[in-house]
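**Student:** Compute the structure for the input listed below.
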Amino acid sequence: MEIEIISKEIIKPSSPTPKSLEKYYLSFLDQIAPPTFMPLVYFYSPHTKYTNSQKSDHLKKSLSEALSTFHPLAGRLVGDSYVDCRDQGAPFFEAQVNCDLSQAITNPIPRNMNKFLPYELNDLQNLGVAVQATYFRCGGVAVGVLVSHKIADALSFFLFANAWAAAARNESAAPPVFEAASIFPPRDVAGYKPGTGIVKEEELDTKIFTFPASKISDLRERYSAEAAAGERRPTRVEALSAFIWTRFISATEMKPDPNKIYTVLHAVNLRNRLEPPLSDSHFGNISRLAIAVPAVDDGGSIDGGYELMQKVREAIGAINGEYVARLREGDKHLNFLKERMAQAIKSELITFNFTSLCRFPLYEADFGWGKPVWVGSAVMSYKNLVTLMDTATGNGIEAWINLKKEDMVKFEADLELQEFILPSKDI
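**Tutor:** Take a look at the predicted model:
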């Protein structure tokens, strides 16, 4: 698959940012967010109503309108302190690819997804957002969107992407609320490097494992059978993440090591955990990681998935009002992060990260030529990272799993894993 860039330009906001908003201060949670782009690629079927150039003009005009509302995304990041919002604009690339849409999205190769994005994920360049529109021979189009994780979390990504799509349809969307820095005041974060854990992409392999709804239901039943009377049934994400972790431990024959700490992390939205709760329109990094510490037994097995699920539940439950109050003070949390960073550098910390985009408005971005037929992620430069996304039909979950190459060989050969996944990605 060869992609040729045919044009590049900078899209500026349709109306100038007022002088009073020229400095957008980062919150504490923005400061400690990883220095990387969050990627998504939206794939659209051919639409005879618009030519490629009309589609590009339409995307650019509506992007310009959206940037006037989301002014920090059109600015430039200055260190760990603020975004300079003087309407510097967002890069917009146009490209063409030498294949049809169906070839890209039938059994897609995750590494190919990165070709539909304008920059490498670690090449932030102090940008807020960057876009690439790639046209297929058949008339289909891929819209690749990168949003800086230093400015936004996944919910804010969708807030922006769907507001941009609404502008393209001449519809209005809920305006963003920029209050993160007053809720989580910035700190002196000298000595903390949020990029800890980034590894060379050539050491990693990313595969998409599709779990059909029926198999996810089987897993939920399996873990429900172990639950105490009156306990609620595990969610799809709880059951699936517990299963993926147990198969990873089993396949890689991980042994207990008194010098290592094994942790399972889940990204948790904090908006509904504050007092009073915030709306989904609150923009920024308003999420944190729940940390569960499962046991690893001899023989490479672990306390079964049910025990891990309980620990994840407890960890998520501990992200309550009291936790958020400590987070707002910042210093203790920063010291905790520095300790974890030191452990990670010394290889004492083995982490497995889960991010769930399930139930997020993944398939809502209609720019006027219909909703996407598929939405893809990309190859990230973090090992042991799992991104869960609803399938296009909504009747299953795609797990984008990033592992070291030698671990992936063992993981995908795991027989129990194979019983629960579709043989090839079926959209």
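**Student:** helix/strand/coil for the closest residue in space to residue 15 that isn't next to it in sequence?
**Tutor:** In space, and not counting its chain neighbours, residue 15 is closest to residue 68: 4.5 Å by C-beta to C-beta, 6 or more residues apart in numbering. All C-beta atoms are positioned from the backbone trio N, CA, C, and that covers glycine. With DSSP: H, G, I helix; E, B strand; the rest coil as the basis, residue 68 sits in helix.
**Student:** ok, residue 68 - contacts?
**Tutor:** When contacts are counted by C-beta atoms under 8 Å, 6 or more residues apart in numbering, residue 68 touches 13-15, 17, 74.
**Student:** Kindly recompute the last result at 10 Å.
**Tutor:** Applying C-beta atoms under 10 Å, 6 or more residues apart in numbering, we find residue 68 in contact with 12-17, 74, 87, 167.
**Student:** Next: residue 67.
**Tutor:** 11-15, 17, 73-75, 87, 89-90, 128-129, 160, 164, 167.
**Student:** again with residue 338
**Tutor:** Contact analysis of residue 338 by C-beta under 10 Å, 6+ apart lists 189, 191-193, 196.
**Student:** Confirm residue 410 sits in a helix?
**Tutor:** Yes - Residue 410 sits within a helix when classified using three-state DSSP.
**Student:** I figured it hits residue 205, correct?
**Tutor:** No - judged on C-beta atoms under 10 Å, residue 410 makes no contact with residue 205 at a distance of 11.2 Å.
**Student:** Compare those two and say which is more crowded by neighbours.
**Tutor:** Neighbours were counted for residue 410 and for residue 205 using other C-beta atoms under 10 Å; residue 205 has more, 21 against 15.
**Student:** wait, is that one part of a helix?
**Tutor:** No - assessed with three-state DSSP, residue 205 is strand; it does not lie in a helix.
**Student:** Checking residue 284 next. Helix, strand or coil?
**Tutor:** Under the three-state scheme (three-state DSSP), residue 284 adopts coil.
**Student:** now the helices: where do they sit in the chain?
**Tutor:** Taking DSSP state H to define them, one finds helices in the chain at 28-31, 52-69, 101-105, 110-113, 154-168, 180-183, 213-225, 236-251, 305-317, 321-329, 331-345, 405-412, 415-420.
**Student:** If you count neighbours, what's buried in the helix or strand bottoming out on mean pLDDT in the chain?
**Tutor:** Across the helices and strands of the chain, mean confidence by mean pLDDT, DSSP states H and E is lowest for helix 331-345: a mean of 79. Within helix 331-345, the residues that count as buried by 16 or more other C-beta atoms under 10 Å are 333-334, 337, 340-341, 343.
**Student:** from the middle of its chain, how far away would it be?
**Tutor:** Counting by C-alpha atoms, centre = their mean, to the nearest Å, helix 331-345 is centred 22 Å from the centre of its parent chain.
**Student:** what inclination does it have with respect to helix 321-329?
**Tutor:** Compare the direction of helix 331-345 with that of helix 321-329 by axes from the mean of the first three to the mean of the last three C-alpha atoms, to 10 degrees and you get 90 degrees.
**Student:** Look up how far residue 296 lies from residue 368.
**Tutor:** 51 Å (C-beta to C-beta, to the nearest Å).
**Student:** Revised request: answer the last question for residue 83.
**Tutor:** 42 Å.
**Student:** Who has more neighbours out of those two?
**Tutor:** Counted by other C-beta under 10 Å, residue 83 and residue 296 do not tie: residue 83 has more neighbours, with 25 against 18.
**Student:** For the helices of the chain, which has the smallest mean pLDDT value?
**Tutor:** Mean pLDDT values for the helices of the chain show the minimum at helix 331-345, a mean of 79.
**Student:** May I have it as PDB, with CA atoms only?
**Tutor:** Listed next in PDB are the C-alpha coordinates belonging to helix 331-345 (Å, rounded to 0.1, in the frame of the first residue of the first chain):
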ATOM      1  CA  ASP A 331       2.100  17.000  45.000                       C
ATOM      2  CA  LYS A 332       1.500  13.500  46.500                       C
ATOM      3  CA  HIS A 333       0.400  12.100  43.200                       C
ATOM      4  CA  LEU A 334       3.400  13.600  41.500                       C
ATOM      5  CA  ASN A 335       5.800  11.900  44.000                       C
ATOM      6  CA  PHE A 336       3.900   8.600  43.400                       C
ATOM      7  CA  LEU A 337       4.400   9.000  39.600                       C
ATOM      8  CA  LYS A 338       8.100   9.800  40.100                       C
ATOM      9  CA  GLU A 339       8.500   6.600  42.100                       C
ATOM     10  CA  ARG A 340       6.800   4.600  39.400                       C
ATOM     11  CA  MET A 341       8.900   6.200  36.800                       C
ATOM     12  CA  ALA A 342      12.100   5.200  38.700                       C
ATOM     13  CA  GLN A 343      10.800   1.600  39.000                       C
ATOM     14  CA  ALA A 344       9.900   1.500  35.300                       C
ATOM     15  CA  ILE A 345      13.400   2.700  34.400                       C
END
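**Student:** which one of the contacts of residue 338 is nearest residue 79?
**Tutor:** Among the contacts of residue 338, residue 189 lies closest to residue 79 (C-beta to C-beta), at 10.1 Å.
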